[in-house]
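A.B. asks: coords please:
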Amino acid sequence: MENDLAGRAANRADILERAAAEMAAMGVDTAFIDRLVETFYGRVQAHETLGPVFDARLAGRWPAHLQRMKAFWTSVAFKNGAYGGKPVQAHHGVEGIAEGLFIEWLALFRATLADLEASDAAQAWFMATAERIARSLVLSLFYNPAFDDPRRKTSAG
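C.D. replies: Residues are numbered from 1 along each chain as shown. Below you'll find the predicted structure:
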C-alpha cells in the first residue's frame, strides 16, 4: 500500500509538472488567467444578450463568481484541483439560458483571447477547452435523446 501511495503521489507530481511546463510554454500563468477572467466577464456583463442572463443569476455576486472562474480555469490549465464545483448543476435552471448563447459566449471568449494577445498556442488551447466545455453544457442542458429516436423520423418521398 505504501508503494501504491508513493506511486500515486509521484504520478500526481508529474502531471502537475507537465501541465505547468505546457502552460509556461504558451505564456500562460495565473496572472494571465486572472486577466482573462476579469476581461472576459467584464465583457459578458456589457454584452447585450449574455449580460442580462448572467446578471439575473449573479447580481450582487460577481466578485465571488470571478474568483470561482479563476479557480476553474486555473484548475483546468494547471490540473491542480483548485476548482471543486459542479458546472452542469450550476447552469441548470438559469433563467434565459438558451443553446444559442453558447455560440455568443465562445465568440466573445475568442475575441478576448485575441485582444489579450495570447500566444497562438494559448488561444488554440483555451478555445479547444472552452468548446469542449460548451458542448458538454449544451448536451447536458438541452439534449433530449428522444429526438434521436428513429421512430420519430419520417422520410420524405
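A.B. asks: For A20, grab the count of nearby residues.
C.D. replies: Neighbour count of A20, defined by other CB atoms under 10 Å: 16. The C-beta positions use only the backbone N, C-alpha and C, and glycine is treated the same way.
A.B. asks: any idea which element it lies in?
C.D. replies: helix 2-26 (DSSP states H and E).
A.B. asks: now do V138
C.D. replies: helix 120-142.
A.B. asks: And for F54?
C.D. replies: Counting by DSSP H and E, F54 is part of helix 50-58.
A.B. asks: From the rest of the structure, what touches that helix?
C.D. replies: 41, 44-45, 65, 94-97, 101, 104-105, 108 (CB atoms under 8 Å, 6 or more residues apart in numbering).
A.B. asks: State the mean pLDDT of that helix.
C.D. replies: The pLDDT scores in helix 50-58 average 94.
A.B. asks: if we can go back for a sec, the helix holding V138 packs against which elements?
C.D. replies: Packing partners of helix 120-142 (3 or more CB pairs under 8 Å, 6 or more residues apart in numbering; DSSP states H and E): helix 2-26, helix 87-91, helix 101-115.
A.B. asks: for it, which positions count as buried?
C.D. replies: The neighbour-count check on helix 120-142 (16 or more other CB atoms under 10 Å) flags 122-123, 125-126, 130, 133-134, 137-138, 141 as buried.
A.B. asks: Find the pair from the residues you listed with maximum spatial separation.
C.D. replies: A122 and L141 (27.7 Å; CB to CB).
A.B. asks: Can you list the low-confidence ranges for this protein?
C.D. replies: Applying pLDDT under 70 to the chain flags residues 1-10, 88, 144, 146-157.
A.B. asks: sorry, back to before: A82: which of the contacts of helix 50-58 is nearest?
C.D. replies: Ranked by distance to A82 (CB to CB), those are led by H65 at 15.1 Å.
A.B. asks: which residues sit in contact with that closest one?
C.D. replies: The contact partners of H65, taken as CB under 8 Å, 6+ apart, are 41, 58.
A.B. asks: same question, E17
C.D. replies: By CB under 8 Å, 6+ apart, E17 has no neighbours at all.
A.B. asks: repeat for P87
C.D. replies: With the criterion set at CB under 8 Å, 6+ apart, P87 makes contact with 72, 133, 137.
A.B. asks: Check E99 too.
C.D. replies: Here E99 is in contact with 138, 141-142 (criterion: CB under 8 Å, 6+ apart).
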